[in-house]
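Engineer: after the sequence you'll find the predicted model.
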Amino acid sequence: MHSKSVKSFDGRNASRAGVHHTGPCSRVSALRLVHGLALAAVFSGVPQSAMARQATPDLSKELETARRVLQSPALTRALAYVDGAEAETVQEWLSLCNAYGPSGNEGRRSRLIYRLFRIYGLDNVHIDDALNVIGIRRGSGGGPTVVLNAHHDNVALWPADQPVEAFVADGRVWCPAAADDLMGITQMLTLLRAMNAAGITTAGDIWFVAVTGEEAPTGPEHADASPGMRQLVRANVPRNLDWRKGDIIIQFHGGGGEGVSTGSTPVRNRSQLRIFAPFDGDRWAPHAVDALGRIIARIGSEVRDPRSTRIAFEHPASTAMPADVLYLNMGMISASDVIARPASEAWVRFDMRADTQARMDQAHDAIERITREVLATMGDGFSHSYEINSRNGVEAGIAGFDKVNNAPARMAAAASQALYGTDPIIDPEEGCGDCVRAYTEGMPAFSFRGNVVDHGAGRFERQARSPLASAVRRKTAGHDVTESAEIVRVWAGVKHGLLFAVAYAGLANR
């Protein structure tokens, strides 16, 4: 571990001793700073430090700009505002939680965000046909357009008219979607207030967009994932937004301070295995649930990768993500809805992620093989079907657009380095769920990334997670009524997004 000095937010030098990060020659940095066929070379014996050097774009110009903007009086005022914004930010976060907005029924929360956008002085504020909320902070002219966004819908956990009653405990906000992605909406609103408080003027316009439908279910009956992002891109590209002119869509999703993700997700498939059994009325005879239970047990021990823990999947920059890991979640299981009858059909749905489609196909083949082997022991009349309902992730990209060496990605990486001294990560293999849809519709979309915890007044650290203080409240989970998010994790994303947006759109203040 080495120490070096970087500028703190008040202009003084702050030691980075104890700030944990991965050096540019590590395996993970090589992985995240390569693109296209270079990925194969990383795992086939090419020296990783050499690959990182070849793939890392030159950020010297962007870093110079970011540092100059960071030292400007306008940014100093904005960052000082953020350091003192906790009370208003948390209150706003709680109000977003309580305006419950399940995916497909986001109207109540859309109307709240619409009102806030109007109060905070944005122009052309409107709710579009997909219930996205859009507002524009006008620039003086001449710079690219930056579309800051976060999704405000949540997984439909209960009726929309049931009160949520979010609360604060253990330094966290507790409510469904507190982290995914009402934290992102909160970061975006705090950034907007900071720009207003500091009187910042940019050359390019900055759009603020609260997107709907990111949590919409996928599968054959829900084939159109992220309808809010689809609507945003189709309605505005290329007439109002054009990546060839430097315009960019970039999302807040809680993290910040360590670069940018410019892709979508790893290869992701969702599939469904159905078991069919003969129905003869004998409740004690083996039936579909018996067969499915045996199959699930074998899949859990033979197909699921023991390395695929939640921590490994969220892999921070200091943790390498092995190329051959398979992430497999058997998240939905169903059969008969009457307990006193044999099930003639039972099914399980899989959510699967891998680094390559070849690794994914191995898993599909293994599931089919195990199923055939188990059913062969069950007797006559058992059969199955196995369907892959959706495939996405690591999209082919957009012709002519380099997901690593492009102006907004370079500036986003430089902004985090200027703020926190972290390695300038540009990750073309991960991003956000909405990023998949944006790329599909012809518009690049990025996501701020990182695990920097900013304590204010120039104090910060890189921290993967913090333990909950209360043993009673340790059972917190995403996409659940128990979801919560640490308040202290808001600020790095706000400051990262603020410096990026102002430096990239162009600071017009004199």
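Structural biologist: Sure, I can see it.
Engineer: now the helix or strand where Ile249 lies: how far from the chain's centre is it?
Structural biologist: Secondary-structure assignment from DSSP states H and E places Ile249 in strand 248-251. When C-alpha coordinates are averaged (Cα atoms, centre = their mean, to the nearest Å), strand 248-251 and its chain have centres 12 Å apart.
Engineer: and the contacts of that strand?
Structural biologist: For strand 248-251, the external contacting residues (Cβ atoms under 8 Å, 6 or more residues apart in numbering) are 144-151, 184, 211, 232-233, 241, 260, 408, 412, 431-432, 434-435, 438, 443-448, 497, 500, 504. Glycine gets a C-beta too; all of them are placed from N, C-alpha and C.
Engineer: where do the helices sit along the stretch 401-510 of the chain?
Structural biologist: Chain-ordered helices for the stretch 401-510 of the chain, with DSSP state H, counting those that start in this stretch as the definition, fall at 407-420, 433-440, 490-505.
Engineer: which secondary structure elements does the second one contact?
Structural biologist: Contacts of helix 433-440 with other secondary structure elements, assessed using 3 or more Cβ pairs under 8 Å, 6 or more residues apart in numbering; DSSP states H and E, are made with strand 146-151, helix 227-236, strand 248-251, strand 445-448.
Engineer: please write out the alpha-carbon positions of the last one in PDB.
Structural biologist: The one in question is strand 445-448. Coordinates of the C-alpha atoms in strand 445-448 are reproduced here as PDB (Å, rounded to 0.1, in the frame of the first residue of the first chain):
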ATOM      1  CA  ALA A 445     -25.500   5.000 -21.700                       C
ATOM      2  CA  PHE A 446     -23.100   4.900 -18.800                       C
ATOM      3  CA  SER A 447     -23.300   4.500 -15.000                       C
ATOM      4  CA  PHE A 448     -21.200   6.100 -12.300                       C
END
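Engineer: what pLDDT, on average, does it get?
Structural biologist: The average pLDDT within strand 445-448 is 95.
Engineer: cool, and the third one?
Structural biologist: This predicted structure assigns strand 248-251 an average pLDDT of 97.
Engineer: C-terminal to that strand, what's the next element?
Structural biologist: Under the assignment DSSP H and E, the closest C-terminal helix or strand after strand 248-251 is strand 260-263.
Engineer: ok, back up a step: any chance of the helices and strands packed on helix 433-440 in JSON lines, plus distance to His479?
Structural biologist: Formatted as JSON lines, the entries for those read as follows, by distance: least, Cβ to Cβ, whole Å:
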{"stretch": "strand 146-151", "distance to His479": "13"}
{"stretch": "helix 227-236", "distance to His479": "18"}
{"stretch": "strand 248-251", "distance to His479": "18"}
{"stretch": "strand 445-448", "distance to His479": "18"}
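Engineer: what distance do you get for the residue minimising distance to the centre of the chain to Pro227?
Structural biologist: For the chain, the residue lying nearest the average C-alpha position, counting by Cα atoms, centre = their mean, turns out to be Cys432 (3.9 Å). In this structure, Cys432 and Pro227 are 15 Å apart, going by Cβ to Cβ, to the nearest Å.
Engineer: go on, Asn105?
Structural biologist: 13 Å.
Engineer: these two: which is more packed in?
Structural biologist: Neighbour count, other Cβ atoms under 10 Å: between Asn105 and Pro227, Pro227 has more, with 22 against 16.
Engineer: residues contacting the more buried one?
Structural biologist: Counting by Cβ under 8 Å, 6+ apart, Pro227 touches Ala130, Thr212, Gly213, Ala216.
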